[in-house]
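Participant: here you go, sequence then predicted model.
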Amino acid sequence: MPTTDILAEVLLPTQELRDDLPFYTKTLGMRLENIFPADDPSVASFSGHGLRIRIEKGADVPPGRLRILTDAPDDFAEGQRRLTAPNGTVVDVVPLSPTVEQPVTQHEFAVRRLRDEAPWVIGRAGMHYRDLIPTRLGGSIIASHIRIPDGGPVPDMVHYHTVGFQLIFCYKGWVDVLYEDQGDVIRLHAGDCVTQPPGIRHRVMHASAEIEVIEIGVPAEHVTTIDHDFTLPNGKGDPDREWDGQRFVHHVKDGATWQPFRIPGFTARDTGITAGTKGVAGIQVVRPDGGTPVPAKHDADIHFTFVMEGSMTLTAEGQEDRDLQPGDAFVIPPGMVSQYRDCSDDLELLEVALRGDFQTTLV
């Protein structure tokens with residue numbers, strides 16, 4: 001049967017249909033589709049706002065709860081945000097377009113070591129996940145270590161995220177992705193990364209076997225929306241286009257410029273993300289340069305580091321020293337003095353800071 005011949009409706013009860021008719025038609029602005037019997041109506045169907053409901057006198061169902069989605073709530077039902085129909089149905093008026101609500105960061109010193117935990121949890125589509133910040137700093141950030149054991153096509157759809165900031169850093173292997181206005185497939189190799197500005201349409205296409213990525217999302221809980229009407233690739237757009245003030249940034253490891261790091265004893269390659277996000281976030285890859293690291297503190301609201309290669313000892317005031325290896329991660333709160341010691345020559349760190357234009361004080 002063609003889908004045009006199929007409708008679905010929500011069944012709601014009523015004690016007296018005549019009491020509910022003006023509420024659903026006038027207050028909610030729905031259209032009366034049918035009503036019967038004629039001499040003493042007890043059943044009526046309404047449609048509107050993408051919904052069809054049937055109200056039936058004596059129906060043995062709870063009153064239910066409806067959500068009206070609109071980006072102009074002040075123009076709906078005289079600006080009321082919650083209404084109760086005569087039949088007991090509660091109606092909430094909520095935003096149609098999701099918005100980003102950034103929780104206040106709950107600062108803490110945290111170290112997540114791969115060898116100290118059951119390392120992987122099987123998530124959606126068979127992907128393996130590790131939560132690198134279990135507390136998520138009060139919901140302000142999620143940092144995930146993601147691994148896909150089997151390579152090949154990825155069952156993904158065109159979608160976008162309502163976020164404040166999002167990073168995909170290719171740690172191992174490679175992955176093919178499509179992004180709105182960025183042309184054809186982009187292949188991220190180990191060491192490459194992209195930002196996913198708020199609302200940019202994208203889709204993961206293929207991945208190598210045993211690929212691993214580090215994904216950062218701010219805030220930790222954010223809405224993902226499937227865009228069924230958008231097709232990728234959609235050609236090359238304006239390279240200076242912004243999504244909520246952020247540009248799409250594609251950083252390629254090969255050919256990147258290394259420069260002195262914010263702490264002596266290290267060199268870093270800046271990904272250009274601080275500039276691309278207008279200071280929202282800063283992402284750097286860090287290596288020792290043979291010098292002697294010194295203690296330092298920072299004023300970033302969120303400062304997260306993932307150990308990609310090599311080893312080091314993390315010293316922080318009031319904390320036991322932590323020996324770190326690949327796969328380990330740590331968060332240092334603002335104002336805490338810390339020091340990177342006993343760094344191996346092959347040490348490589350991924351540093352994520354929000355904001356990206358924070359200040360460092362050497363101690």
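Facilitator: Received, thanks. Numbering: from 1, shown residues only.

Participant: list the contacts of the spatially closest residue to residue 62 that is not a sequence neighbour.
Facilitator: Of all residues beyond its chain neighbours, the one nearest residue 62 is residue 13 (7.5 Å), with distances taken as Cβ to Cβ, 6 or more residues apart in numbering. C-beta: built from backbone N, CA, C; applies to glycine. By Cβ atoms under 8 Å, 6 or more residues apart in numbering, the contact set of residue 13 is 55, 56, 57, 58, 59, 60, 61, 62, 63, 87, 88.

Participant: how about the helices in the chain?
Facilitator: Remark: helices assigned in the chain by DSSP state H are 17-22, 136-139, 273-276.

Participant: right, and those helices - which one's nearest residue 352?
Facilitator: Proximity to residue 352 (Cβ to Cβ) singles out helix 273-276 among those, at 9.2 Å.

Participant: what comes into contact with that closest one?
Facilitator: 167, 193, 195, 246-249, 251, 281-283, 356-357.

Participant: show me the two of those that sit farthest apart.
Facilitator: It's 248 and 357 that sit farthest apart of the contacts of helix 273-276, by Cβ to Cβ, at 19.7 Å.

Participant: neighbour-wise, which of those two wins?
Facilitator: residue 248 (21 against 14; other Cβ atoms under 10 Å).

Participant: wait, isn't that one in contact with residue 201?
Facilitator: No: using Cβ atoms under 8 Å, residue 248 is not in contact with residue 201, being 10.9 Å away.

Participant: now residue 251. Nearest residue, chain neighbours left out?
Facilitator: residue 271 (3.9 Å).

Participant: quick one, phi psi at that neighbour?
Facilitator: Dihedral pair for residue 271: phi -90, psi -10, per degrees, to the nearest 10.

Participant: residues in contact with it?
Facilitator: Going by Cβ under 8 Å, 6+ apart, residue 271 touches 193, 249, 251, 256, 283, 284, 285.

Participant: not counting sequence-adjacent ones, nearest residue to residue 165?
Facilitator: Once flanking residues are discounted, residue 165 sits nearest to residue 218: 4.4 Å by Cβ to Cβ, 6+ apart.

Participant: neighbours around the one you found, how many?
Facilitator: When neighbours are counted by other Cβ under 10 Å, residue 218 registers 25.

Participant: contacts only, for it.
Facilitator: 102, 140, 141, 142, 163, 164, 165, 166, 281, 302, 354.

Participant: what's near enough to touch the second one?
Facilitator: Residues in contact with residue 140, defined by Cβ under 8 Å, 6+ apart, are 102, 103, 104, 105, 106, 218, 219, 220, 301, 302.

Participant: the last one and residue 354 touch, don't they?
Facilitator: Yes: here residue 302 reaches residue 354: they are 4.3 Å apart, a contact under Cβ under 8 Å.

Participant: if we can go back for a sec, the contacts of residue 140, buried ones only, as a PyMOL selection?
Facilitator: The buried residues among those can be selected in PyMOL (16 or more other Cβ atoms under 10 Å) with this line:
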select buried, resi 102+105+218+219+220+301+302
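
Participant: quick one: residue 329 and residue 134 touch, right?
Facilitator: No: at 10.5 Å, residue 329 and residue 134 do not qualify as touching, with contact defined as Cβ under 8 Å.

Participant: now do the shared contacts for the two.
Facilitator: Joint contacts of residue 329 and residue 134 (Cβ under 8 Å, 6+ apart) are residue 112.

Participant: more neighbours, these two?
Facilitator: Taking neighbours as other Cβ under 10 Å, residue 329 and residue 134 compare with residue 329 leading, 24 against 11.

Participant: so what's the more buried one bridging to?
Facilitator: Note on residue 329: beta-bridge partners by DSSP bridges are residue 112, residue 306.
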